[in-house]
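>>> for reference, the sequence and a predicted model appear below.
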Amino acid sequence: MPGLEDLYREIILDHYKNPRNEGEFPTPPAIKAEGHNPLCGDELTVYVILEGSVIKDIRIAGQGCSISRSSASLMSVAVKGKTLQEVDRLLSIFKSMMSISTNTSGETEAVDPVEYSERELGELIALQGVVKFPVRIKCATLSWNTLVQALEDRAS
Amino acid sequence: MNTHGLEAKPLNVSDIRKDFPIFSQPDGKSLYFLDSAASSQKPLQVLNAMDNYYCTTHANVHRGVYRLAEQATELYESARGKIGRFIGAPNPSREIIFTKNATESINLLSNSLSRGTLKRGDVVVLTEMEHHANLVPWLIAKEQLGIEIRYIMVDENGYLNLDNIDEVLRNAKILSITLASNVLGTINPVSQLAELAHKNGAIVIGDGAQFVPHVATNVTALGVDFLAFTGHKMLGPTGIGILWGKSALLDSLPPFMGGGDMITDVTLDGFSPNELPWKFEAGTPPIAEAIGLGAAIDYLENLGMDRIREHELELLSYGIEMLESNFGENITIHGPRNINDRGGVISFDFKDIHPHDISQILDQSGVCVRAGHHCAKPLMRHLGVAATARASFHIYNEQSDIDALIDALAKAQAFFG
Ligand SMILES: Cc1ncc(COP(=O)(O)O)c(C=O)c1O
């Protein structure tokens, strides 16, 4: 059985206890989306301020377990200041690491491993152990799915 | 509480555990199973009854005239009788309807009642502590028919707030209420509420999913008109549930699903429904599962429901005491303080540790508890939490399960502290 240290890395506990970019933005100018994890009742809201095609700022509000909260916090750091194209790339890398692949139009595709370097992933790599705990994958991907939702809602 | 006025003998848990193969895990690790409110484990007696049936007697019921088919029918129908007697049904052979689970039992009712009995503007009364199984079917009826749903709310001690009960029940057509909460454990004063509801001319439905497996049940004493419960929480298999109802009411309702077995005649223009209970059992039923549930009831009766309740009360008081003495202010236990008002369920919140993380860390020690909203989202909102952790008991649990829970919680605390 995989050990707890596979799941609860130091970085994860740090982001759980001291979440980055926590809070809300008024909408507009921000766009937002709400995400739910029906398994455990976790809820979070992602607020994004876009400037052209750059995520200028992001905030996340809600409640959740250590994995969903820390993943949201790590995501917020990873995408802040990035272009949508870069975010798309990060999303596919992250989903590939979680063995799920979803493109930005929300379709789930067959698992299609993406080539990437650890450097590209940065601190997100701390979540690598989550795949060994399949029920927790949904916790780790909740914030990413909600971000995709927010960006999509804007498009439509 | 036994009939001879003697002190009931406590359950012999170590003997009981020998009947449950799940406790001999292939890897030799201990299993501390504290999630029976979600689904209980099954004794060999139940597994063997189902195996034997498949190995020696299987044929479709109510169809063939050959011996095997007759024997299968007899086993199936005798399980119905057992189940009926177990809940004190006046007329088991007509009033016990086999369904898939408690959820289907309630959906059967909400659907059949929506075709004739319930009209736009009619009032259905539920409580704030219902499981989604006794909420969503009525919300669907609300959407389709425009019925009004009123709720009996939950107070800060985990009891139903009955202050304005006369008002809530006024002109109610239906009261549908859980006998015991799967989150708070609260055992509701159903017979008292049934009496009040009947005075208003309402039909009373009980959700016994968390009650029937643990407490001696008599439908007449409860005063309900219908009772729904589910086999897999009471040592039986999955895929079998029960709806009990008063014959006259069942007779007056239209069928739920159409198909084989539920008719006496079919023409190209119409059909006439079968008699009770088959009118509500369309298609080939879960035969082996019904037989398995019959064996589960034999097992429970053999132990005695009063002894089972005593056993669970002991675990409850030990569990609550240990949780509070070990974790004090760091733990919040939901539900009534008086254990006599609760079933074998302890839902709790741990300061600064999410239930999902608790359950994950507990799993590393072989301790199984449920973490989540327990299919009771409105109640979660009332409690102001997204989720709770829940430990729940059945006959095979003992103090060492609770000790393992306490040890594992201490680990979680150290880990996240
Ligand atoms: C109070 C209550 N009602 C109904 C149900 C539904 O049971 P089932 O899923 O077997 O239909 C449950 C099970 O969780 C329950 O706890």
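Done, it's in.

>>> once you drop chain neighbours, what's closest to residue B:288?
Distance criterion C-beta to C-beta, 6 or more residues apart in numbering or on different chains; nearest residue to residue B:288, sequence neighbours excluded, is residue B:50 at 4.6 Å. (Each C-beta comes from the backbone N, C-alpha and C, glycine too.)

>>> separation between that neighbour and residue B:297?
Residue B:50 sits 14 Å away from residue B:297, going by C-beta to C-beta, to the nearest Å.

>>> one more: residue B:364?
36 Å.

>>> next structured bit after the helix or strand in which the residue nearest to residue B:288 is found?
Taking DSSP states H and E as the criterion, residue B:50 maps to helix B:44-52. As assigned by DSSP H and E, the chain's next helix or strand after helix B:44-52 is helix B:67-86.

>>> just checking, what packs against that next one?
Judged by 3 or more C-beta pairs under 8 Å, 6 or more residues apart in numbering or on different chains; DSSP states H and E, helix B:67-86 is in contact with helix B:92-95, strand B:96-99, helix B:287-303.

>>> got those as JSON lines, with distance to residue B:343, mean pLDDT and mean neighbour count columns?
Below are the helices and strands packed on helix B:67-86 laid out as JSON lines (distance: least, C-beta to C-beta, whole Å; pLDDT from 0 to 100; neighbours: other C-beta atoms under 10 Å in any protein chain shown):
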{"stretch": "helix B:92-95", "distance to residue B:343": "25", "mean pLDDT": "97", "mean neighbour count": "19"}
{"stretch": "strand B:96-99", "distance to residue B:343": "22", "mean pLDDT": "98", "mean neighbour count": "26"}
{"stretch": "helix B:287-303", "distance to residue B:343": "15", "mean pLDDT": "98", "mean neighbour count": "22"}
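
>>> looking at it, residue B:317 is touching residue B:340, isn't it?
No. Using C-beta atoms under 8 Å, residue B:317 makes no contact with residue B:340, being 9.8 Å away.

>>> just the pLDDT for residue 70.
Let's take chain A. Residue A:70 is assigned 93 on the pLDDT scale.

>>> can you look at chain B instead?
At residue B:70, pLDDT is 93.

>>> state the distance from residue B:225 to residue B:149.
Noted for residue B:225: a distance of 19 Å to residue B:149, by C-beta to C-beta.

>>> count the residues that sit near residue B:219.
Using other C-beta atoms under 10 Å in any protein chain shown, residue B:219 has 22 neighbouring residues.

>>> just checking, residue A:8 touches residue B:415?
Yes. With contact defined as C-beta under 8 Å, residue A:8 counts as touching residue B:415 (7.0 Å).

>>> looking at these two, which is more packed in?
Neighbours per residue (other C-beta under 10 Å) separate residue A:8 from residue B:415, with residue A:8 holding more: 21 against 16.

>>> of residue B:225 and residue B:149, which one has the most company?
Set residue B:225 next to residue B:149 and count neighbours by other C-beta under 10 Å: residue B:225 wins out with 23 against 15.

>>> check contacts around that one.
Residues counted as contacts of residue B:225 (C-beta atoms under 8 Å, 6 or more residues apart in numbering or on different chains) are B:203, B:204, B:205, B:245, B:246, B:249.

>>> restricted to helices, list the residues you listed.
Using DSSP state H, the subset of the contacts of residue B:225 located in helices is residue B:249.

>>> in TSV, list the contacts of residue B:225 along with neighbour count.
Converted to TSV, the contacts of residue B:225 look like this (neighbours: other C-beta atoms under 10 Å in any protein chain shown):
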residue	neighbour count
B:203	23
B:204	24
B:205	29
B:245	29
B:246	19
B:249	16
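
>>> contact residues of chain A facing chain B?
Contact residues (C-beta under 8 Å from any C-beta of the partner chain) of chain A with chain B: A:1, A:3-4, A:7-8, A:13, A:39-43, A:63-67, A:69, A:133, A:136, A:139.

>>> can you give me the helices for chain A?
Ranges of helices in chain A, per DSSP H, are A:4-7, A:10-17, A:66-79, A:84-97, A:118-121, A:137-155.

>>> deepest in the core, which of these is it.
helix A:66-79 (a mean of 25; mean count of other C-beta atoms under 10 Å in any protein chain shown).

>>> give me the pLDDT for residue B:403.
Note on residue B:403: pLDDT of 98.

>>> what's the spacing between it and residue B:365?
11 Å.

>>> what about these two, which has more around it?
Set residue B:403 next to residue B:365 and count neighbours by other C-beta under 10 Å: residue B:365 wins out with 17 against 13.

>>> now do the closest residue to the more buried one other than its chain neighbours: how many residues are near it, please.
Counting by C-beta to C-beta, 6+ apart, residue B:408 is the residue found nearest to residue B:365 once chain neighbours are left out, at 4.1 Å. Using other C-beta under 10 Å, residue B:408 has 21 neighbouring residues.

>>> correct me if wrong, but residue B:408 is in a helix.
Yes. Counting by DSSP: H, G, I helix; E, B strand; the rest coil, residue B:408 falls inside a helix.

>>> that one is in contact with residue B:361, isn't it?
Yes. Contact criterion C-beta under 8 Å: residue B:408 and residue B:361 qualify, at 6.6 Å.

>>> so what's residue 137 up against?
In the absence of a named chain, chain A is used. Counting by C-beta under 8 Å, 6+ apart, the residues that residue A:137 touches are A:98, A:99, A:100, A:130, A:131.

>>> that's the wrong chain, I wanted chain B
Neighbouring residues of residue B:137 by C-beta under 8 Å, 6+ apart: B:106, B:107, B:109, B:110, B:111.

>>> how does it look with 7 Å?
Residues near residue B:137 by C-beta atoms under 7 Å, 6 or more residues apart in numbering or on different chains: B:106, B:107, B:110.

>>> out of those residues, who's the most crowded?
Ranked by neighbour count (other C-beta under 10 Å), these have residue B:106 at the top, with 27 neighbours.

>>> pretty sure that one sits against residue B:134.
Yes. At 5.5 Å, residue B:106 and residue B:134 qualify as touching, with contact defined as C-beta atoms under 7 Å.

>>> which residues are common contacts for those two?
Residues touching both residue B:106 and residue B:134 (C-beta under 7 Å, 6+ apart): residue B:207.

>>> before we move on, what SS does whichever residue of the stretch 151-300 of chain B sits closest to chain A have?
Residue of the stretch 151-300 of chain B nearest chain A, by C-beta to the nearest C-beta: residue B:183 (11.8 Å). At residue B:183 the chain is in coil, as set by three-state DSSP.

>>> many thanks, we can stop here.
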